[in-house]
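Novice: Got a predicted structure plus its sequence, pasted below:
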Amino acid sequence: MKLKDLLSESSLKVLDRKFGEPLPTLADTTRAYKLKQEELNENDLSKVSSILGKSSSDVDKFLKKHKLDADDLLDVIEAGDRRRSSLMIMAAMGGNSRALRKLDDLLGFL
């Protein structure tokens, strides 16, 4: 394989553009990244809420209150005993200080 083939713009998947369009700017790529992260966060939020059996709005309030992301809770749930982690998160959402401290030990958000 030749270096020219590796470096040709047509082979790069990063630059999805048609002939004659300008190259993406930093602002364009930043905006696209933020949109992708928001989409991923919404998917994670719905997944967490379905696992916990809580509404998405309740989970979202908890996440915003403690400045967490939904994928942080997914990591906690998937890392250990799924049932135990889910119960701990639900207790923390309910205001249980012991469960909140345990969750803080895992995530370090307080």
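Specialist: Perfect, I can see it now. Just so you know, these numbers come straight off a predicted model, no measurement behind them.
Novice: packing partners for the longest helix seen in the chain?
Specialist: In the chain, assigned by DSSP state H, the helix with the most residues is helix 26-52. Identification of packing neighbours for helix 26-52 by 3 or more C-beta pairs under 8 Å, 6 or more residues apart in numbering; DSSP states H and E yields helix 56-65, helix 70-79, helix 82-93. (C-beta placed from N, C-alpha, C; glycine too.)
Novice: Dump those helices to TSV, plus distance to residue 104 and mean neighbour count.
Specialist: Output for the helices and strands packed on helix 26-52, formatted as TSV (distance: least, C-beta to C-beta, whole Å; neighbours: other C-beta atoms under 10 Å):
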stretch	distance to residue 104	mean neighbour count
helix 56-65	13	15
helix 70-79	11	18
helix 82-93	9	17
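Novice: With respect to residue 31, which of the ones you listed lies nearest?
Specialist: For the helices and strands packed on helix 26-52, proximity to residue 31 was assessed by C-beta to C-beta; helix 70-79 is nearest, at 20.7 Å.
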